[in-house]
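**Q** I would like to see how this sequence folds:
(one chain, ligands or ions: 1)
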Amino acid sequence: MKYHFSRALRDEDQTRLYCALDYFDTTAYFASADSKKELFGFGVLQQAMSPENLTGDVVFGGCAFDDQLIVNTQLMNGMWFVPKIFVTVYDRYIKFESNTVANFEEWLATFKKRETAQITIRGVTDEQDWLLRTEKLIDTLTTSDTLKKVVFGRQKQYQLSDALDISRLITALKTQKNAYRFILKQHQELFVSATPERLVKVMAGQLETAAVAGTVRRGTTISEDVALGQSLFNSAKNRQEHQYVVDNIFQKLQMVTTDLIVPKTPKLLSNKQVQHLYTPINGRIDPAYGVVDIMRRLHPTPALGGVPQEEAQHYIRLHEKKPRGLFAAPIGYYTANSSGEFIIGIRSMHVNQTTHLATLFAGAGIVSDSNAEQELQETNLKFEPMRQLLRDYTNGK
Ligand SMILES: C=C(O[C@H]1C=CC=C(C(=O)O)[C@@H]1O)C(=O)O
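**A** The predicted model follows:
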């Protein structure tokens, strides 16, 4: 018999819930970009590498970007689970559901802040030849009759002195404005993301997705910020890069939705470090499909893969240094009534809590008009949310 409990949120609840994430072997945390909604999953009732075969009131997890298996990791090959305990915080109201716990207040009271180690960064390893490989990619795009766009990824490794605490990570992640925050923990592994990109949300038959592609940095003054945004909006290269994504989403959704609304011009979406071109796309989902079907259908959009999809994915597989795992892949949750929300695991890192190795990810959409040096700078900016997180964490913030 399932135990349900709900009440208004108290000040100390969130801190305790964040601490609880460190106590369980497998956990998930999802925060909406407007910070109104936070979801927590604790402990495992069922688990699988893909979401389709699980049955539960709620399922959390992440898919791998493609089917390349990565050694020395379970999490990065895809992990989905039905939690033993499901907690929702929405608009300062808390809801608790569990099969295994029968008293919420007693349960919550057990979680306290732990003494955490002072962490230092011992070394950083980068892909030195990314610029060269991107120049080659631009040559390929210039001469190819078919390949139009490839989102090219890059990984950086940070050797840390100790394991990270999720409760401190969540607090430090709050500085990332307009970003969904997601943490998935399985045994000794964490995947952390502060992403601006929602792949799809389905609630009561209403579908919301968005094209997010085309990037420029933030200005240091308001007028510089506005001018940079305007230059992004007027950039033919960025508009093309963005349009590939809009067209692809439209084409993939038109058979499975009605009343699809696709604005003709993008808006600007500002995060802490970068601004993006952004086109929100909405419709009514055909009742024959659920949110997982739509996620499978949309992934990867040309914001993460490229155009044409198969050829771009083949290029990525051959020319990126390492498989992506959950980077640039759908992560999120869905419920038994086929509602749910999947975001894209960018502005992200994977942490091995035993070796203390953090791998940070960033990628950039490359087209024939791209400039490799500028794309390198763009990926540097896209590493920033996780670099800042590690900086804040190591500085004790
Ligand atoms: C692949 C990433 O960003 C994608 C999402 C938004 C904008 C992008 C761009 O402008 O290149 C990328 O397509 C990343 O942040 O690692």
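**Q** Low-confidence stretches in the stretch 51-200 of the chain?
**A** Counting by pLDDT under 70, the stretch 51-200 of the chain shows no low-confidence range.
**Q** can we see that at 80?
**A** Applying pLDDT under 80 to the stretch 51-200 of the chain flags residues 116-117.
**Q** Spell out which residues of it are next to the ligand.
**A** Val151, Glu197 (CB under 6 Å from any ligand atom). No exception for glycine: its C-beta is placed from N, CA and C like everyone else's.
**Q** Could you check which residue of the stretch 1-150 of the chain lies nearest the ligand?
**A** Closest residue of the stretch 1-150 of the chain to the ligand, CB to the nearest ligand atom: Lys149 (8.9 Å).
**Q** got a list of what the closest residue to the ligand within the stretch 51-200 of the chain touches?
**A** In the stretch 51-200 of the chain, the residue that lies nearest the ligand is Val151 (5.0 Å; CB to the nearest ligand atom). Neighbouring residues of Val151 by CB atoms under 8 Å, 6 or more residues apart in numbering: Pro302, Ala303, Leu304, Gly305, Gly306, Ala312, Ile316, Ala328, Gly363, Ala364, Gly365, Ile366.
**Q** Narrow the residues you listed to just the buried residues.
**A** Pro302, Ala303, Leu304, Gly305, Gly306, Ala312, Ile316, Ala328, Gly363, Ala364, Gly365, Ile366 (16 or more other CB atoms under 10 Å).
**Q** Please identify the buried residues of stretch 366-378?
**A** Ile366, Val367, Ser368, Ser370, Ala372, Glu375, Glu378.
**Q** mind giving me JSON lines with the residues you listed and columns for distance to the ligand and pLDDT?
**A** Putting the buried residues of stretch 366-378 into JSON lines (distance: CB to the nearest ligand atom, whole Å; pLDDT from 0 to 100) gives the following:
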{"residue": "Ile366", "distance to the ligand": "8", "pLDDT": "98"}
{"residue": "Val367", "distance to the ligand": "10", "pLDDT": "97"}
{"residue": "Ser368", "distance to the ligand": "14", "pLDDT": "97"}
{"residue": "Ser370", "distance to the ligand": "9", "pLDDT": "97"}
{"residue": "Ala372", "distance to the ligand": "13", "pLDDT": "98"}
{"residue": "Glu375", "distance to the ligand": "8", "pLDDT": "98"}
{"residue": "Glu378", "distance to the ligand": "7", "pLDDT": "97"}
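**Q** Sitting in strands, which of the contacts of Val151 do you find?
**A** Taking DSSP state E, the ones among these that sit in strands are Gly306, Gly363, Ala364, Gly365, Ile366.
**Q** Okay, the fourth one and Gln240: tell me how far apart.
**A** When distance is defined by CB to CB, to the nearest Å, Gly365 is 10 Å away from Gln240.
**Q** Then His356?
**A** For His356, the distance to Gln240 - CB to CB - is 42 Å.
**Q** ok, now Tyr333?
**A** In terms of CB to CB, Tyr333 sits 34 Å off from Gln240.
**Q** These two: who's more crowded?
**A** Tyr333 (23 against 17; other CB atoms under 10 Å).
**Q** SS state for the more buried one?
**A** Using DSSP: H, G, I helix; E, B strand; the rest coil, the structure places Tyr333 in strand.
**Q** ok, and the closest non-adjacent residue to it?
**A** Spatial nearest neighbour of Tyr333, chain neighbours left out: Phe60 (4.7 Å); criterion: CB to CB, 6 or more residues apart in numbering.
**Q** And for Leu137?
**A** Ile366 (5.3 Å).
**Q** One more: Ile343?
**A** Once flanking residues are discounted, Ile343 sits nearest to Tyr180: 4.6 Å by CB to CB, 6+ apart.
**Q** which residues sit in contact with Tyr3?
**A** Tyr3 touches Phe96, Glu97, Ser98, Asn99, Val101, Ala102, Phe104, counting by CB under 8 Å, 6+ apart.
**Q** Wait, the first one touches Phe5, no?
**A** Yes - with contact defined as CB atoms under 8 Å, Phe96 and Phe5 form a contacting pair (4.4 Å).
**Q** Many thanks, we can stop here.
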